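Novice: model this:
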Amino acid sequence: MRGAPVSLKGRERLCGKVQQVVKAKTSALIEEKIRNGRSVIMAELNVLKQEDIDDLVRQYEGRSIPRFVASATLASELKSTIHYAKLIAISSKNAQAITARAGEWGQGFSGITQFIEEIASRSMVCAADIGAASRELSRSAVKLMNQQKFASALNRSMRANQAKSEELREILQRNLKDQAQLEEQTNGYYRSVRKLLTEIRDCTRALKSIVANCRIEASRAGPFQESLFTIAENIENAAERISERIAIGLRLMGLLT
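Specialist: Numbering: from 1, shown residues only. Down below sits the predicted model:
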């Protein structure tokens with residue numbers, strides 16, 4: 001029973017290395033297509049799905065998933081939010097360039113591009129902050145786990161060596177104080193990540209709500225219709241992928257409580 005988490009950790013490490021390579025290649029390809037104004041179907045980038053989390057829960061056979069496992073998975077999964085936020089920003093820049101060339105044809109869409117750019121900028125900041133906060137949450141969870149292991153070792157030593165129990169008890173007290181500080185720190189990062197997830201979720205909802213307007217204005221853009229429809233589609237797809245990452249992130253956050 002004790003060997004199962006270790007085996008899972010080994011598999012996660014190997015999968016993580018493979019995913020990093022695939023994600024890098026896939027994201028570069030998508031970005032290149034969007035820069036060239038082409039429509040893309042957003043790849044999954046080998047990210048987790050809800051059923052993958054179900055599998056993770058089953059691996060622990062009813063036991064609580066260690067915080068350091070859930071938080072490390074969370075940090076890895078939320079990396080892609082900044083990638084998709086960047087794609088929205090690129091699409092916004094493309095829209096500005098096209099509407100500038102379109103003149104009167106692009107006046108309606110031009111009024112929307114500034115709003116899209118503002119939301120894209122906010123999304124980029126949120127995504128970067130999410131990445132930083134989730135990494136700190138992961139590091140803090142690992143430190144807390146190590147302190148808890150050390151406390152367990154101290155307790156065993158105290159029972160085995162009565163002569164040094166007083167000295168060990170003092171060390172244990174300092175350890176427990178450090179644990180309390182780390183617990184508070186970890187909870188702070190947890191709250192930050194949840195708040196940021198809510199903020200970026202609001203951004204994606206706003207983007208989704210204006211995609212319909214984008215399509216209406218694109219339909220009035222004459223010879224520039226196709227290009228602007230492509231931009232609307234790419235924005236919608238990227239916002240949807242961010243929404244999916246948020247849902248996964250919130251599910252993983254639930255495993256940390």
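Novice: CA atoms for contacts and neighbours, from now on please.
Specialist: Fine.
Novice: What segments of this structure are strands?
Specialist: For the chain, no strands are identified by DSSP state E.
Novice: any idea of the pLDDT on the nearest residue to Ser91 once chain neighbours are set aside?
Specialist: Of all residues not flanking Ser91 in the chain, Ile231 sits nearest, at 5.8 Å (Cα to Cα, 6 or more residues apart in numbering). The model reports Ile231 with a pLDDT of 90.
Novice: How many neighbouring residues does Ile231 have?
Specialist: 29 (other Cα atoms under 10 Å).
Novice: got it, and the one 4 residues further on?
Specialist: Taking other Cα under 10 Å as the neighbour definition, Ile235 ends up with a count of 28.
Novice: Correct me if wrong: it contacts Ala85.
Specialist: No: using Cα atoms under 8 Å, Ile235 makes no contact with Ala85, being 9.3 Å away.
Novice: I'd assumed Ala97 was in contact with the residue nearest to Ser91.
Specialist: No: using Cα under 8 Å, Ile231 is not in contact with Ala97; the gap is 11.5 Å.
Novice: Could you pull up the residues touching Ala95?
Specialist: For Ala95, the contact set (Cα atoms under 8 Å, 6 or more residues apart in numbering) comprises Ser110, Thr113, Leu228, Ile231.
Novice: ok, now with 10 Å
Specialist: Applying Cα atoms under 10 Å, 6 or more residues apart in numbering to Ala95 gives the contacts 37, 89, 101, 106, 109-110, 112-114, 116-117, 227-228, 230-232.
Novice: With Glu199 instead?
Specialist: Arg122, Ser123, Cys126, Ala127, Val193.
Novice: What of Lys149?
Specialist: With Cα under 10 Å, 6+ apart, Lys149 has these contacts: Lys143, Asn155.
Novice: Please enumerate the helices of the stretch 101-250 of the chain.
Specialist: Assigned by DSSP state H, counting those that start in this stretch, the stretch 101-250 of the chain shows helices spanning 107-160, 165-219, 225-255.
Novice: Cool, thanks, signing off.
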